[in-house]
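Enquirer: here is my input, please return the structure:
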Amino acid sequence: MGPSVKVGVPLAAEASTVNQTEEERVMLNWKVVTKSLASFTAISFALCVGYGLLAPPAFHPSWLLEAVLPGFKWLGFGSFLLGLVESALYGAGAGILYSALYNYFARGAAHDAERRLRTVRAA
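Expert: So this is what the prediction gives:
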């Protein structure tokens, strides 16, 4: 057989023996996470409003959208657009915060693993 080529993330057993460089670490792209969460929250808002229009008033809490989204009143076209934009902005903010925190802690975990690996090799 020819030489084997490793593709993707190393197995858990190999992870402690593989010395990862800065480029090999898995970091979240904040732009992708931000766009994903902004889209998710905007779509979720539109689905909630659609459900609210189809279901009887006793089965949907329109007051919740009014409480969470400043300026939103059930339901006019301008209010819908305002809620859609506000929802997307909330999602974008969550995406920026999440990706920054994830990358910060992933970097710290990689440094800890590298330090432990050096200690084991030195022993």
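Enquirer: helices and strands around the lengthiest helix in the chain, which ones?
Expert: Taking DSSP state H as the criterion, the chain has its longest helix at helix 77-122. In terms of contacts (3 or more C-beta pairs under 8 Å, 6 or more residues apart in numbering; DSSP states H and E), helix 77-122 is packed against helix 30-54. For every residue, glycine as well, the C-beta is placed using N, CA and C.
Enquirer: buried ones in the helix it packs on, by neighbour count?
Expert: By neighbour count with 16 or more other C-beta atoms under 10 Å, helix 30-54 contains the buried residues 30, 33, 34, 37, 38, 41, 42, 45, 48, 49, 52.
Enquirer: tilt between the longest helix of the chain and helix 30-54?
Expert: 140 degrees (axes from the mean of the first three to the mean of the last three C-alpha atoms, to 10 degrees).
Enquirer: now helix 77-122: average pLDDT?
Expert: Helix 77-122 shows an average pLDDT of 88 in the prediction.
Enquirer: thank you, goodbye.
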